[in-house]
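Engineer: Fold the stuff below for me.
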Amino acid sequence: MKFLRLAALLLICSSFSFAVNKDLVAMQRDLEAKLDAMQSQLNSKIDFLTGTVQAMQSDTRRTADLVATMQDAVSNGVAKSLVPVGGLSNQVGSMGDDVRSLKDALNELSGRLERMDAKITDLKNQLQIMQNPPPAPGGAPTGAPGPSAQPGSSPTPPAGMSAEKTYTDARRDLQTGNTDLAYQEFTQYLTYFPNTELAANAQYYIGEIDFNRNDFNGAVQAFDAVLERYPENPKTADAHLMKGMALLRIKQANRAVQEFRVLVQNYPHTDDARKAQQQLRALGVSAAASPNSARRRE
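Structural biologist: Prediction:
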């Protein structure tokens, strides 16, 4: 009896176990199918992403090649554009050298003209002495004045003194810093050769020396002499400018403004006029304003 019950129980358990195993197998197959489907989907997505990345890489390479090509084109274009600029720069540099050479040549020519003028002055003095010889020892005849007695004539220079040497020595001493001796030599030149073309230069340099000595009143008088005794000479514009600068130093702004305005109006395209305009702007007045506008600055 017990044996029959045990056999029946084993039979029931075997049947149940077979059913459970069947369900597990079905579930396993279903899970494997789902996993296969998911793997297939994942592979498809990976393939898609791989293709997209490869396409992006290809596009990136094409873009890089295009950018490199554009950079080369721009570089070549800029280089070609800079070629004329480089040529122009060289031309400007060459023109600057030519201008400096021309300036040096003009300075040398000016020096030669000054020396030539001094020689002409010496010749005129010799002709004057020949035409009006000095009286014989014992005095001149009654009623016959000597050369120094002529109205408006300058004193006869001492023996051995010439306009050329006196002026050349004065300019050399001024350039080498021996201003005291240069001042004396320019004064001697004006004493014995006051009517030469270089007399205005000598008078101007006297004013310049006074200005550098801080003798501004003396400088104003010297520049005034240039403007009054020798009008329209090569130093006229310089004399106006330096007179104005000296007047500023002695606190006479109104007169300085007048000098600067005369310079700007009469010599508008010169370097002196540009400097005068700078001084007028510093004073707060214009080149065309009324001179009274600077009175409050004194």
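
Engineer: What count of nearby residues applies to Lys275?
Structural biologist: 17 (other CB atoms under 10 Å). Using the backbone N, CA and C atoms, a C-beta is placed for each residue, glycine as well.

Engineer: Give the phi and psi angles for it, as a check.
Structural biologist: phi -70, psi -40 (degrees, to the nearest 10).

Engineer: Looks like it contacts Met242 (just checking).
Structural biologist: No: counting by CB atoms under 8 Å, Met242 is not a contact partner of Lys275; they are 10.1 Å apart.

Engineer: in the chain, which spans are helices?
Structural biologist: 2-131, 163-175, 179-192, 199-212, 216-229, 236-249, 253-266, 271-283 (DSSP state H).

Engineer: what comes into contact with the last one?
Structural biologist: Same thing as helix 271-283. Contact with helix 271-283 is made by 237-238, 240-241, 244-245, 248, 253, 256-257, 259-261, 263-264, 267, 286-287, 294, 297, as judged by CB atoms under 8 Å, 6 or more residues apart in numbering.

Engineer: Give the buried residues for that helix.
Structural biologist: The neighbour-count check on helix 271-283 (16 or more other CB atoms under 10 Å) flags 272-273, 275-277, 279-280, 283 as buried.

Engineer: from these, which is closest to Ala73?
Structural biologist: Nearest to Ala73 among the buried residues of helix 271-283: Gln277, at 48.9 Å, using CB to CB.

Engineer: how close does that closest one sit to Gln265?
Structural biologist: 11 Å (CB to CB, to the nearest Å).

Engineer: go on, Glu164?
Structural biologist: For Glu164, the distance to Gln265 - CB to CB - is 36 Å.

Engineer: And these two? Which one has more around it.
Structural biologist: Using other CB under 10 Å, the more surrounded residue of Glu164 and Gln265 is Glu164, with 18 against 12.

Engineer: Please identify which of the helices of the chain is closest to Pro155.
Structural biologist: Among these, if distance is taken as CB to CB, the winner is helix 179-192, at 6.0 Å.

Engineer: packing partners for that closest one?
Structural biologist: helix 163-175, helix 199-212 (3 or more CB pairs under 8 Å, 6 or more residues apart in numbering; DSSP states H and E).

Engineer: Just the buried positions in it, please.
Structural biologist: 179, 182-183, 185-186, 188-190, 192.

Engineer: Tabulate these (JSON lines), appending distance to Gly51.
Structural biologist: JSON lines is the format used below for these (distance: CB to CB, whole Å):
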{"residue": "Thr179", "distance to Gly51": "93"}
{"residue": "Ala182", "distance to Gly51": "95"}
{"residue": "Tyr183", "distance to Gly51": "98"}
{"residue": "Glu185", "distance to Gly51": "100"}
{"residue": "Phe186", "distance to Gly51": "98"}
{"residue": "Gln188", "distance to Gly51": "105"}
{"residue": "Tyr189", "distance to Gly51": "101"}
{"residue": "Leu190", "distance to Gly51": "102"}
{"residue": "Tyr192", "distance to Gly51": "108"}
